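Asker: Structure for this input, please:
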Amino acid sequence: MKPENIQEERTAGVAAAEMAAAGRREAEVGKAGCAAGEAGRGKAGCGAGEAGRSEAEVGEVARPGQKARRRMRRGEVAPGTAWALVSGAGSGIGRCYARRLAALGYNLVLVGNNRPPLETVKSEIGELHPWCDIRIAACDLARTEAARELHDRTQADGLEIDVLINNAGMFSFRDILQTPAERIERIILLHDLTNTQLCRLYAADMARRGHGGYILNMSSYSQWMPFPGLALYAASKAYLRTFSVAFAKEVREVGIRVTSVSPAGVATDLYGLTPDWQRIGRRLGVLISADHCARKGLRALWRGRRSIVPDWWNRAWIPLCKILPMWVLRPVRRFTMQFQK
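Answerer: As a prediction, the model looks like this:
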């Protein structure tokens, strides 16, 4: 074979080899592209599938009636589906109970001696919760027939009371010998007779309906302070707590929860303190706010507590209040005689 022919054949062979190698590289690139395309399509498909499942899950969460809905707070109901009755609702702790119950979804029956303060509370709550159905019952509860009249009124209106808050009260700081007979009668009627009858009447309705209910009675820390000037008030509040604890045990088996709340000093107008003295008392820790008391009371009610004293430091003083000797109380009494009224 001639050298030039050999060279031509080598050149042709190299060219053929290079062409073959180029062909293999193109094939590999093509395969890689296909793989990338398939991977991309696969990932996109998975992403779309995951997105579809996420949307489905979100839809399931958002669908009404599913367990995944927002968890309701203790005592909360669907707005406007239950009724709560609050006595002494025109001011102080009663007003705070009414506001908190409305925020939990309850329609309200506001009870009190004077209608104008009740109208004010109704307007306040109506602005915050336009859906809330609020009824006003202006009624003097310090009468023998008061409980029956109030119950008959709510029955006539077709109102099924699920939460009863017996908050109305009268404060008295005066020696019994100096206390008018009418005041003695009214305080015992209001704190003891009327509240006992209201508990009986509305608890009977709750038991008949068969789905339970809640009753809260406002007692007082003064029951552990039978000091001069507080004999009438402390004794009437002691009865209310004792009754509530025993009554709670009687009706628990039918699903009714009864709670007695015994706060110490609360910054309200009940004691005749001026707003300035109320603020000073709160800053010193001697008084708690009315809303703080209402929050503690409702929390205990929803949890089924029979009796509470808001805040641990007040509970810590109870043993001392019981054993204070007369030589300590005597000078205190001489000082407080000027405030008895």
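Asker: Sketch out the low-pLDDT regions of this structure for me.
Answerer: Residues of the chain that meet the criterion pLDDT under 70 lie in 1-70, 267-273, 278, 285-286, 312-315, 317-318, 321, 324, 327-329, 332-341.
Asker: so what are the domain limits for it?
Answerer: With domains defined by automatic domain parsing, the chain comprises 1-60, 83-339.
Asker: any chance of these in TSV, with mean neighbour count and distance to Arg71 too?
Answerer: Heads up, the C-betas are built off the backbone N, CA and C, glycines and all. TSV is the format used below for the domains of the chain (neighbours: other CB atoms under 10 Å; distance: least, CB to CB, whole Å):
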stretch	mean neighbour count	distance to Arg71
domain 1-60	10	16
domain 83-339	18	14
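Asker: Let me have those domains in CSV, extended by distance to Glu76.
Answerer: Shown next, in CSV, are the domains of the chain (distance: least, CB to CB, whole Å):
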stretch, distance to Glu76
domain 1-60, 23
domain 83-339, 5
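Asker: Which among the ones you listed is found nearest to Arg74?
Answerer: Comparing the domains of the chain against Arg74 with CB to CB, the closest turns out to be domain 83-339 (3.9 Å).
Asker: Now do the helix or strand where Val121 lies: everything it contacts.
Answerer: Here Val121, judged by DSSP states H and E, is contained in helix 115-128. For helix 115-128, contacts defined as CB atoms under 8 Å, 6 or more residues apart in numbering pick out 89-91, 95, 98-99, 102-103, 108, 110-112, 132, 134, 136, 138.
Asker: quick one: the strands in the stretch 101-250 of the chain?
Answerer: 107-112, 134-138, 161-166, 213-218 (DSSP state E, counting those that start in this stretch).
Asker: CSV please, covering the ones you listed and showing distance to Ala234.
Answerer: Shown next, in CSV, are those (distance: least, CB to CB, whole Å):
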stretch, distance to Ala234
strand 107-112, 24
strand 134-138, 29
strand 161-166, 18
strand 213-218, 14
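Asker: Val251: which of those strands is closest?
Answerer: strand 213-218 (8.2 Å).
Asker: and the closest one, what other elements does it pack with?
Answerer: Where contact means 3 or more CB pairs under 8 Å, 6 or more residues apart in numbering; DSSP states H and E, strand 213-218 is packed against strand 161-166, helix 195-209, helix 231-251, strand 256-261, helix 290-302.
Asker: Would you mind getting the angle between the second one and strand 107-112?
Answerer: Following axes from the mean of the first three to the mean of the last three CA atoms, to 10 degrees, one obtains 160 degrees for the angle between helix 195-209 and strand 107-112.
Asker: Show residues contacting helix 195-209.
Answerer: 85, 87, 147-148, 150-151, 160-162, 164, 166, 212-213, 215, 217, 240, 243-244, 247, 251, 254-256, 258.
Asker: go with 6 Å
Answerer: For helix 195-209, contacts defined as CB atoms under 6 Å, 6 or more residues apart in numbering pick out Ala147, His151, Ile161, Leu164, Asn166, Gly213, Ile215, Asn217, Val251, Val254, Ile256.
Asker: ok, now the last one?
Answerer: For helix 290-302, the external contacting residues (CB under 6 Å, 6+ apart) are 74-75, 92-93, 96-97, 100, 214, 216, 259, 261, 263, 266, 268, 308, 310.
Asker: report the angle between the axes of it and strand 161-166?
Answerer: 130 degrees.
Asker: What lies in contact with the following helix or strand past helix 290-302?
Answerer: Moving toward the C-terminus from helix 290-302, the next helix or strand (DSSP H and E) is strand 307-308. With contacts defined as CB under 6 Å, 6+ apart, strand 307-308 is touched by Val245, Ser260, Val261, Ala300.
Asker: if we can go back for a sec, between the helices and strands packed on strand 213-218, which gets nearest to Arg186?
Answerer: Arg186 lies closest to helix 231-251 among those, at 10.4 Å (CB to CB).
Asker: Could you report the distance from the nearest residue to Gly90 once chain neighbours are set aside to Glu253?
Answerer: Of all residues not flanking Gly90 in the chain, Pro117 sits nearest, at 3.1 Å (CB to CB, 6 or more residues apart in numbering). Separation of Pro117 from Glu253 (CB to CB, to the nearest Å) stands at 38 Å.
Asker: With Arg241 instead?
Answerer: 21 Å.
Asker: go on, Asp192?
Answerer: Asp192 is 25 Å from Glu253, by CB to CB.
Asker: For Arg135, give the beta-bridge partners.
Answerer: For Arg135, the beta-bridge partners under DSSP bridges are Val109.
Asker: Who are the contact partners of the residue nearest to Ala146 when sequence neighbours are not counted?
Answerer: Spatial nearest neighbour of Ala146, chain neighbours left out: Thr194 (5.2 Å); criterion: CB to CB, 6+ apart. Residues counted as contacts of Thr194 (CB under 6 Å, 6+ apart) are Leu141, Ala146, Ala147.
Asker: Isn't the first one up against Gly169?
Answerer: In other words, Leu141. No. Between Leu141 and Gly169 there is no contact under CB atoms under 6 Å: 9.7 Å.
Asker: what about Gly80, distance to Tyr106?
Answerer: Counting by CB to CB - Gly80 and Tyr106 are separated by 8 Å.
Asker: Likewise for Leu201?
Answerer: Separation of Leu201 from Tyr106 (CB to CB): 19 Å.
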